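S.K.: Kindly generate the corresponding structure for this input.
(one chain, ligands or ions: 1)
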Amino acid sequence: MPERPALVIGQHTLFDPSRAPAGQHTLYCYSHVPARYACSDADVAGLVEAQLERFAPGFADTVLARAIRNPQRTEAENPSLVDGDLGGGSYELDQQLLFRPAPELCRHRTPLPGLYVAGASVHPGGSVQGMGGRSAARALLADRRLRPWRA
Ligand SMILES: Cc1cc2nc3c(=O)[nH]c(=O)nc-3n(C[C@H](O)[C@H](O)[C@H](O)COP(=O)(O)OP(=O)(O)OC[C@H]3O[C@@H](n4cnc5c(N)ncnc54)[C@H](O)[C@@H]3O)c2cc1C
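M.R.: Numbers count the residues shown, from 1 in each chain. Sure thing, here's the model as predicted:
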């Protein structure tokens, strides 16, 4: 775990003040940790806040409350995020471009007629773009046109 981890930060209240009582703010921040890294909440939160403090001295004194998720808790809250992985699996070339998550499933069809897969662990991968769902729907409609008895 790096002493000075790279952070992804968002301050929602700059764009939506309704997310906090007047004059207060919400800050969202995450850092990547090494795979299967067993960490205590306090350990990583300390490193993250030290990084924020470097660029915003006095930040720690403005914190009213914290909600911390380590990888284990992230997975507990959403079983899709195995080991706290935000991306739903590897993004190595084979897994990203070609066979995500496996050659038999990368076109959203499954061996069971009428059952399709979509989501971050299927092509084209994670993020809030919805393309996986769109491609799965297109596969279903194509099957329905080609083989109406199967879909
Ligand atoms: C902290 C974080 C920050 C992110 N930041 C960004 C960002 O800035 N921009 C971006 O584009 N993407 C971001 N992403 C990625 C993006 O949110 C995901 O790739 C996307 O939500 C995946 O959609 P999905 O439908 O595959 O899965 P999810 O949105 O994870 O939905 C899966 C759902 O299935 C439920 N589930 C799982 N297992 C079971 C089960 N066994 N039975 C019943 N229900 C189950 C889960 O509870 C969950 O509600 C971020 C993800 C995280 C976690």
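S.K.: Break this protein down into its structural domains.
M.R.: The chain resolves into domains spanning 8-84, 93-146 when parsed by automatic domain parsing.
S.K.: Distance to Met1 added to these, as TSV?
M.R.: From N, CA and C alone the C-beta is placed, and that goes for glycine too. Listed next are the domains of the chain as TSV, based on distance: least, Cβ to Cβ, whole Å:
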stretch	distance to Met1
domain 8-84	6
domain 93-146	23
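S.K.: Tell me the helices and strands packed up against the strand or helix carrying Glu53.
M.R.: Using DSSP states H and E, Glu53 sits in helix 41-55. The contact analysis (3 or more Cβ pairs under 8 Å, 6 or more residues apart in numbering; DSSP states H and E) places helix 41-55 against strand 7-10, strand 28-31.
S.K.: If we use 6 Å, what do you get?
M.R.: Helices and strands touching helix 41-55, as assessed by 3 or more Cβ pairs under 6 Å, 6 or more residues apart in numbering; DSSP states H and E, are absent.
S.K.: Other residues contacting it?
M.R.: The contact list for helix 41-55, computed with Cβ atoms under 6 Å, 6 or more residues apart in numbering, reads 4-5, 7, 31, 59-60, 68, 70.
S.K.: picking up where we left off before, buried deepest among the domains of the chain, which one?
M.R.: Among those, domain 93-146 has the highest mean neighbour count (mean count of other Cβ atoms under 10 Å), at a mean of 15.
S.K.: Can you give me the first-to-last residue distance of it?
M.R.: One end of domain 93-146 to the other measures 31 Å (Cα to Cα, to the nearest Å).
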